[in-house]
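*Asks:* Curious how this folds, go ahead:
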Amino acid sequence: MASLEVVVRLSATLLLFSRALQVSGQTDFVNKKITQLGGLEYLHCSNTTDNVTDLNSYTPMAWMLPNLTVLHTSKDRFEFLDENWTLAISSVTADDLGLYNCLLLGNKTDGSDEWLVNRLGLNAAGPYFKSFWDEYKWNTIIALCATGGYCIIVAVLYALHRLAPNVCLLMDKHGSVGPQSSDEDMAYNDAAEKSDNKIVEIDNASFDADQQKYHTE
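*Replies:* Sure, this is the predicted structure:
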């Protein structure tokens, strides 16, 4: 019996995964909408959009959560009620929102087993209790700050580009560009100029003496 139960559970899990991974529209399940988190919510496996009128011949075997975890019995915040027909979710969080799959086992008229997967939703079409501002507030603030910082940098670079030539011209006009002459340099320049003048005077005196001597002869 234990091995048979393992086989049944394994088959049920594989069936749940194959059903959950199927690409399907957003209209083939009953979607329960909630307005806030933290409460106690119930999902009923008997709620279905499939053309199944009589579910009395079926037995709920397992539930698959939105994160693809398969539960065969109650665990943590997830409790099976009404002989597994109802899944109670306590302290609902945002991670609990999404699609749930309920696996049903039934018997065909020929006595063979028949599996049925019923898909249910808990705010599967979106978190209705959130506003767009709450959802994208920080993204908007970061984008605005980045844009503002970029505009400031561009404005500063443009101002420097426009003012830099004027600043250079103003500095040239007042003679503040280039190294400043010290007192020693100025004294040295004056002494060199006086020395050059004396050399010129000596040369002129020598020239005058030579001219006078030439005329005397």
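
*Asks:* switch to C-alpha atoms for all contacts and neighbour counts from now on
*Replies:* Will do.

*Asks:* Give me the contacts around stretch 32-40.
*Replies:* Under the criterion CA atoms under 8 Å, 6 or more residues apart in numbering, residues 88-94, 120-124, 128-129 lie in contact with stretch 32-40.

*Asks:* which of these tops the neighbour count?
*Replies:* Leu120 (24 neighbours; other CA atoms under 10 Å).

*Asks:* ok, that residue touching Phe29?
*Replies:* Yes. When contacts are counted by CA atoms under 8 Å, Leu120 is listed as touching Phe29 (5.3 Å).

*Asks:* where do the contact lists of the two overlap?
*Replies:* Listed as contacting both Leu120 and Phe29 by CA under 8 Å, 6+ apart are Thr48.

*Asks:* how much space between Leu43 and Ala125?
*Replies:* As judged by CA to CA, to the nearest Å, Leu43 and Ala125 stand 16 Å apart.

*Asks:* For burial, what's the neighbour tally of Asp96?
*Replies:* Using other CA under 10 Å: Asp96 sits among 18 other residues.

*Asks:* next one: the one 3 residues further on
*Replies:* The burial metric for Leu99, expressed as a neighbour count using other CA under 10 Å, is 22.

*Asks:* check contacts around the nearest residue to it once chain neighbours are set aside.
*Replies:* In space, and not counting its chain neighbours, Leu99 is closest to Gly121: 4.5 Å by CA to CA, 6 or more residues apart in numbering. Contacts for Gly121 (CA under 8 Å, 6+ apart) come out as 29-32, 97-100.

*Asks:* rerun that using 7 Å as the cut-off
*Replies:* By CA atoms under 7 Å, 6 or more residues apart in numbering, the contact set of Gly121 is 29-32, 98-100.

*Asks:* For Asp76, state which of those residues is nearest.
*Replies:* For the contacts of Gly121, the minimum distance to Asp76 (CA to CA) is 16.6 Å, reached by Tyr100.

*Asks:* doesn't Asn67 make contact with the closest one?
*Replies:* No. Applying CA atoms under 7 Å as the test, Tyr100 and Asn67 come out as separate, 9.2 Å apart.
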